[in-house]
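Asker: Got a predicted structure here, sequence first:
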Amino acid sequence: MKTFYCIRHGESEANAAGLLAGWMDHGLSEKGWLQSVEMAERLKAYPIDLLVVSDLKRAVETAQAIENALGISMMTTGEMREIHLGAWEGKTFADLDPEDAVVVKWLKQDMDFSYPEGESTTDVLKRSQVFFESLLGRPESHIAIVSHGMTLSTLMAQIVFGDYRLSYGLQIINAGIAILHIDGDFRYFSKLNG
């Protein structure tokens, strides 16, 4: 059996400013640093033997708190990045025109929606699922993954429910932990946002 500790980064400067971040490389806010340190202390209760992290700054800074608390080193990857929001990155929700046909499609939570000059949820699933499956072949059995809201919820919905379209009902808060167990075809959560 493998156990995955799926962790969303702490609050970023972009989160605090209400910006759509995507691949923008903002670091953590002061609140995000505090959230990360608190979350890392909670992780001491688990025998984590591998720490895998999105290469975006907010995830790396969150993982630094885990490194300090657990004494393990992180491995970074671009495969666990947040969804690329393309032309929408750096904008606020107020900047989007609710009458625009592209925005309307997004508001309907159309999973085939591609952000202008960016990715679709399907794109995120393809890259993160291939990487996740590579982790299943590793010898470590307790793996922490520090990533992003859309990436983690999409991946977890596909892994547990077999349908990534259920991701909107499966959200991880900033510095939240979802504990996912995989034992062959049996996949379940023992904790969500712990």
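Answerer: Nice, I can see it. Numbers count the residues shown, from 1 in each chain.

Asker: Just say helix, strand or coil for Pro98.
Answerer: Put simply, Pro98 is coil when judged by DSSP: H, G, I helix; E, B strand; the rest coil.

Asker: wait, it sits on Val104?
Answerer: Yes. Shown here, Pro98 and Val104 form a contact pair, counting by Cβ atoms under 8 Å, at 7.3 Å. (Each C-beta comes from the backbone N, C-alpha and C, glycine too.)

Asker: Point out where this protein drops to low pLDDT.
Answerer: Across the chain, the ranges flagged by pLDDT under 70 are 107.

Asker: Out of Pro98 and Val104, name the residue with the larger neighbour count.
Answerer: A count of neighbours by other Cβ atoms under 10 Å puts Val104 above the other of Pro98 and Val104, at 12 against 9.

Asker: tell me the contacts of that one?
Answerer: The neighbours of Val104, taking Cβ atoms under 8 Å, 6 or more residues apart in numbering as the test, are Pro98.

Asker: rerun that using 10 Å as the cut-off
Answerer: Contact analysis of Val104 by Cβ atoms under 10 Å, 6 or more residues apart in numbering lists 97-98, 110.

Asker: What of Gln35?
Answerer: Neighbour list for Gln35: 8-11, 28-29, 62, 65, 173-176 [criterion: Cβ under 10 Å, 6+ apart].

Asker: Go through the residues you listed and name the one nearest Met150.
Answerer: Of all the contacts of Gln35, the one with the least separation from Met150 (Cβ to Cβ) is Arg8, at 9.8 Å.

Asker: From Glu89, how far out is the closest residue to Glu82 other than its chain neighbours?
Answerer: Take Glu82 and drop its neighbours on the chain: the residue closest to it by Cβ to Cβ, 6 or more residues apart in numbering is His148, 3.5 Å away. Per Cβ to Cβ, to the nearest Å, His148 is found 13 Å from Glu89.

Asker: Same drill for those two, tell me which one is more crowded.
Answerer: Neighbours were counted for His148 and for Glu89 using other Cβ under 10 Å; His148 has more, 25 against 18.

Asker: quick revisit: would you confirm that the residue nearest to Glu82 contacts Ala59?
Answerer: Yes. Contact status for His148 versus Ala59: in contact at 6.8 Å, counting by Cβ atoms under 10 Å.
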